[in-house]
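J.: Fold the following for me, if possible:
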Amino acid sequence: MKRRTKSNIGAWPNMRDDTLKAIAEELIRARQKHPHRSDHVRLLKSYVEEMELAFASNDAERGTAMQIYADAVTIAAMAIRILEEGSSGHRYSGNTTAPAFRLEA
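T.: Numbering: from 1, shown residues only. Below you'll find the predicted structure:
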């Protein structure tokens, strides 16, 4: 699998370091708090609904940029758990071996 990258955007995987760090920290926190495989797909959907509400909200706390960023970080971490662990109740049980691909400039 090939990915196109622009040379003027940060290093792999084309995310700012602080964003990648926030996702990694959320993934660690979530796995420590909830170490067992669960229905990650259902949870992902609920987190997406929360973020949709934050976007649509006029509430000063719920619709802040910080809250939307936090929701998006949680969604990204949950998507990674689905990639790696799968989701209980679904046939896909995760991918313990990453697919081979390389980034090209």
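
J.: Averaging pLDDT per element, find the lowest-scoring helix or strand in the chain.
T.: Sorting the helices and strands of the chain by mean pLDDT, DSSP states H and E puts strand 2-4 at the bottom, at a mean of 47.

J.: Go through whichever helix or strand comes after that one and flag the buried ones.
T.: With elements assigned by DSSP states H and E, the helix or strand that comes after strand 2-4 is helix 17-33. For helix 17-33, burial by neighbour count (16 or more other C-beta atoms under 10 Å) applies to L20, A22, I23, E26, L27, A30. Glycine gets a C-beta too; all of them are placed from N, C-alpha and C.

J.: Which strands or helices does helix 17-33 pack on?
T.: Contacts defined by 3 or more C-beta pairs under 8 Å, 6 or more residues apart in numbering; DSSP states H and E place helix 17-33 against helix 65-85.

J.: Tell me where this structure is predicted with low confidence.
T.: Across the chain, the ranges flagged by pLDDT under 70 are 1-14, 58-61, 96, 98-105.

J.: go with 90
T.: For the chain, applying pLDDT under 90 flags the ranges 1-20, 34-41, 50, 52-68, 81-105.

J.: Nearest residue to the middle of it?
T.: By C-alpha atoms, centre = their mean, the chain has its centre lying nearest to A76, at 0.8 Å.

J.: Let me see the contact set for the residue lying closest to that residue once chain neighbours are set aside.
T.: When the adjacent residues along the chain are set aside, A76 lies closest to I23, with 4.7 Å between them (C-beta to C-beta, 6 or more residues apart in numbering). I23 makes contact with M15, V73, A76, A77, I80 under the criterion C-beta atoms under 8 Å, 6 or more residues apart in numbering.
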